[in-house]
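Asker: Please work out how this folds:
(one chain, ligands or ions: 1)
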Amino acid sequence: MKMLRKVAMVRERRGLWGVSGLTWVALTMAAPAWGASVVGTNAFKWGNDAKLSALQSQDSGVVKGASVVYTGSAPHVVVSVSPAEFPTPSFEVDNVDNPTLYLPAGSDVHFTFINSVREFSHSMQITRQGPPYGMELKIQPVLAGTSLSPVPTGAQFAYAKFSWQPASGTYYYLCVIPGHAAMGMYGKIIAR
Ligand SMILES: [Cu+2]
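Answerer: Residues are numbered from 1 along each chain as shown. Predicted structure coming up:
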């Protein structure tokens, strides 16, 4: 089911942006580090694939349609790069693609960002700057997030943790690798 849904989404996105898989590969391989600011302590660590679902299950949100809603003073948001993404990448939280995240304003939000996609680096950064996003991102300022992940190989995934205390407002999370946000690798955050 999930694979079928992904394939349909890929077709839809390719039609929308007119970006071929080959272009996407070229952009991803180029992957210079512009815009990839490091915010806070977010060194990537390695995990074994057998532990992936255990880490993902630490997410404290509740899925409501295309949103994930968090409560409490220290919610935990576990964001993964969607494993069936080729050729267009996306984020995934609780099996929802690029969900809108509802966070309690003033809470201490703990994020875990996971990249288990072989051969590709990704990042997760939070900003007030909304779409549309160009192929070359100039995100100013980055409020929280990770640097570019190392590239997973073998039976490993890369993950990084960071925290953020959002004031009420609207924000966006995105990947800074050239072309990824332009192809839809972003989502909205509403802190209230
Ligand atoms: Cu990406």
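Asker: Every contact and neighbour count from this point should use C-alpha atoms.
Answerer: Noted.
Asker: in this structure, which ranges drop under the pLDDT threshold?
Answerer: 1-42, 84-86 (pLDDT under 70).
Asker: Residue numbers of it in contact with the ion?
Answerer: Taking C-alpha under 5 Å from the ion as the measure of proximity, the chain contacts the ion at His122, Cys175, His180.
Asker: Given the top strand by length along the chain, what are its sheet partners and their directions?
Answerer: Assignment by DSSP state E gives strand 156-164 as the longest strand of the chain. With DSSP bridges as the test, strand 156-164 is paired with strand 45-48 (antiparallel), strand 109-115 (antiparallel).
Asker: And the first one, what's buried?
Answerer: Taking 16 or more other C-alpha atoms under 10 Å as the neighbour-count basis, strand 45-48 is seen to contain the buried residues Gly47.
Asker: one step back: between the strands paired with strand 156-164, which gets nearest to Val62?
Answerer: Across those, Val62 has its closest neighbour in strand 109-115 (14.8 Å, C-alpha to C-alpha).
Asker: Please state the offset of the closest one from the chain centre?
Answerer: In terms of C-alpha atoms, centre = their mean, to the nearest Å, the centre of strand 109-115 is set 9 Å apart from its chain centre.
Asker: And the helices in the protein?
Answerer: For the chain, the helices defined by DSSP state H cover 2-17, 21-30, 52-56.
Asker: Any idea what the most centrally placed residue in the chain is bridged to?
Answerer: Nearest residue to the geometric centre of the chain (C-alpha atoms, centre = their mean): Phe91, 4.1 Å. For Phe91, the beta-bridge partners under DSSP bridges are Val81.
Asker: before we move on, back to that, can you give the distance from the longest strand of the chain to the centre of its chain?
Answerer: 11 Å.
Asker: What residue in this structure comes nearest to the ion?
Answerer: The minimum distance from the chain to the ion, using C-alpha to the ion, falls at His122 (3.9 Å).
Asker: Please measure how far the first residue of stretch 106-119 sits from its last one.
Answerer: 37 Å (C-alpha to C-alpha, to the nearest Å).
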